[in-house]
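Engineer: here is my input, please return the structure:
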Amino acid sequence: MHILIATAGSHGDVAPYTGLGARLRQAGHRVVMATHARSAEAVRRSGLGFRPLPLDRYAASGTDSREGTGPGKRGSGAGLTKVEQIKLARELAPEMADAVTEACAAGAEVVLLSSGLAPLGLVAAEGLGLPSLGVFLQPLAPTREFPPVIFDMPSMGPFANRTAARCAESLLTRAFATGVRHLERRLGVSPAALERRRATWPVQHGFSPVVVPRPADWRRGMEVAGYWWPSESPDWTPEPRLADFLSSGPPPVYVGFGSMQPSDPERLGRLVARALKLAGVRGVVQASWAGLSVDGDDVLTVGEVPHSWLFPKMAAVVHHAGAGTTAAGLRAGVPAVPVPMMLDQPFWASRLTALRVSPGKVPFRQLSTENLAEALRKAVHDPRYRHRARQVSALIATEDGAGRVLTAVEQLAGR
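Structural biologist: Residues are numbered from 1 along each chain as shown. This is a model prediction of the structure:
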């Protein structure tokens with residue numbers, strides 16, 4: 001069976017699907033991933049086919065640096081405002097819609113769609129008569145149990161949570177409306193038929209039910225599968241300087257902000273260095289898109305290192321609380337200090353606190369040497385956080401998220 005996986009976004013929006021795709025391929029299916037050109041190497045290294053989508057401007061919208069407040073100015077990684085993101089999505093929607101449709105039409109028999117491309121991909125799949133499945137990394141469907149994950153807001157009670165989530169849904173609908181209408185006309189899909197399809201469309205979610213239990217008020221077909229771990233290169237080895245650093249002293253703390261781009265990385269680097277020193281811990285700092293560089297006797301800056309290899313060797317992990325990095329930290333069984341910036345990051349940070357694997361989030365706009373050092377001291381030296389992190393890791397290890405998607409795909413295709 002020829003399976004297409006279509007996704008858009010930063011590295012964290014692509015990596016989990018490489019592991020999912022590899023699992024589907026191991027089951028004997030041909031798998032092609034349609035995503036940004038910059039991800040081609042990672043996709044092909046996973047043994048998957050690759051089809052480029054011209055969506056780089058859209059992907060960059062979440063990480064564009066702007067002036068503002070907080071360390072490194074707006075921090076930023078705060079990126080475009082929600083209004084700006086919606087405006088950009090509306091402008092690019094027809095181009096995105098055509099690209100996704102062409103990918104679906106290139107021999108696919110089943111289409112798997114990330115949340116970022118689902119509004120357009122669902123129309124394309126329906127118009128081409130292809131079975132499709134949502135494969136989402138965040139719990140976006142409205143529920144009474146928590147507020148919408150893309151907004152940083154506290155729970156306001158069952159009715160208000162669900163109402164706010166429907167407002168968030170409406171914003172996303174408007175963002176892709178031009179592309180949806182374009183495809184409806186191009187493929188002859190009636191809005192009424194599409195609405196009926198949406199009401200029953202199956203979605204598998206790529207996070208653990210230990211982390212986010214399936215909401216009781218979700219409709220049938222909305223399932224929580226478990227994590228899909230990124231595909232890994234079997235011949236990867238660390239640089240000697242990293243191996244030497246890890247063996248030269250007690251476990252360090254990891255600090256990294258993934259695809260976020262602060263406007264003043266040097267200032268952020270100095271803050272991190274002071275916080276590590278004040279907390280009395282060693283550090284491994286990942287440069288990533290943030291451009292951090294913090295070196296010294298007790299700190300080492302590294303490039304790309306698989307989190308599955310690095311995190312289990314850490315005393316704690318400081319990160320932006322993206323869905324993928326949050327998952328990697330939980331898998332490793334180490335305490336977390338989440339520093340959320342935007343979109344769903346505050347939601348995952350709150351989940352880490354609720355799971356008791358973290359002493360609490362430190363919002364990026366409030367980040368200081370003192371509050372980061374205090375959080376580090378708690379995460380590293382209070383044994384309750386490491387004990388609980390190991391408990392959660394053991395529970396997650398029993399799950400087979402990719403296997404559940406494989407079963408759903410084969411059922412969808414009638415196999």
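
Engineer: helix, strand, or coil at the residue nearest to Ala89 when sequence neighbours are not counted?
Structural biologist: The shortest distance from Ala89 to any non-neighbouring residue, by Cβ to Cβ, 6 or more residues apart in numbering, is to Ala175 (4.0 Å). No exception for glycine: its C-beta is placed from N, CA and C like everyone else's. Put simply, Ala175 is helix when judged by DSSP: H, G, I helix; E, B strand; the rest coil.

Engineer: now Ala175: how far from Pro119?
Structural biologist: Going from Ala175 to Pro119 by Cβ to Cβ, to the nearest Å gives 8 Å.

Engineer: can I assume Gln138 is in contact with Gly324?
Structural biologist: No. Gln138 is beyond contact range of Gly324, at 11.0 Å (criterion: Cβ atoms under 8 Å).

Engineer: these two - which one has more neighbours?
Structural biologist: Gly324 (25 against 20; other Cβ atoms under 10 Å).

Engineer: I figured that one hits Ala15, correct?
Structural biologist: Yes. Judged on Cβ under 8 Å, Gly324 makes contact with Ala15 at a distance of 5.7 Å.

Engineer: can you tell me which strand in this protein is longest?
Structural biologist: If you go by DSSP state E, the chain has its longest strand at strand 30-36.

Engineer: what segments of the stretch 51-200 of the chain are strands?
Structural biologist: 110-113, 132-136 (DSSP state E, counting those that start in this stretch).

Engineer: make a markdown table out of the ones you listed and add mean neighbour count and mean pLDDT.
Structural biologist: Below are those laid out as a markdown table (neighbours: other Cβ atoms under 10 Å; pLDDT from 0 to 100):
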| stretch | mean neighbour count | mean pLDDT |
| --- | --- | --- |
| strand 110-113 | 26 | 98 |
| strand 132-136 | 24 | 97 |
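
Engineer: returning to what we had before: mutual contacts of Gly324 and Ala15, please.
Structural biologist: Common neighbours of Gly324 and Ala15, using Cβ atoms under 8 Å, 6 or more residues apart in numbering, are Pro230.

Engineer: what about the residue nearest to Ala89, distance to Gly9?
Structural biologist: Counting by Cβ to Cβ, the gap from Ala175 to Gly9 is 14 Å.

Engineer: thinking again about what came up before, between the strands of the stretch 51-200 of the chain, which one is closest to Met222.
Structural biologist: strand 132-136 (8.6 Å; Cβ to Cβ).

Engineer: other SSEs contacting that closest one?
Structural biologist: If you count contacts as 3 or more Cβ pairs under 8 Å, 6 or more residues apart in numbering; DSSP states H and E, strand 132-136 packs onto strand 110-113, helix 118-128, strand 203-205, helix 401-412.

Engineer: of those, flag the one that's most buried.
Structural biologist: Using mean count of other Cβ atoms under 10 Å, the stretch among those with the largest mean neighbour count is strand 110-113, at a mean of 26.

Engineer: next, count neighbours for Pro383.
Structural biologist: The tally of other residues near Pro383 (other Cβ under 10 Å) stands at 9.

Engineer: what's the pLDDT at it?
Structural biologist: Per-residue pLDDT puts Pro383 at 97.

Engineer: okay, now the domains of the chain?
Structural biologist: 2-62+82-227+399-412, 240-397 (automatic domain parsing).

Engineer: could you dump these to JSON lines with distance to Ser233?
Structural biologist: Shown next, in JSON lines, are the domains of the chain (distance: least, Cβ to Cβ, whole Å):
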{"stretch": "domain 2-62+82-227+399-412", "distance to Ser233": "6"}
{"stretch": "domain 240-397", "distance to Ser233": "8"}
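
Engineer: burial check on Pro335, number of neighbours?
Structural biologist: 31.

Engineer: quick one: it from Gly280, how far?
Structural biologist: Note on Pro335: its distance to Gly280, by Cβ to Cβ, is 16 Å.

Engineer: identify each buried residue in stretch 174-189, please.
Structural biologist: Under the neighbour-count criterion of 16 or more other Cβ atoms under 10 Å, stretch 174-189 has Ala175, Phe176, Thr178, Gly179, Val180, His182, Leu183, Glu184, Leu187, Val189 buried.

Engineer: wait, what's in contact with the fifth one?
Structural biologist: Residues counted as contacts of Val180 (Cβ under 8 Å, 6+ apart) are Ala93, Ala97, Pro119, Leu120, Val123, Leu194.

Engineer: partners of the longest strand of the chain in the sheet?
Structural biologist: Within its sheet, strand 30-36 is paired with strand 2-6 (parallel), strand 49-53 (parallel), according to DSSP bridges.

Engineer: thanks again, I'm all set now.
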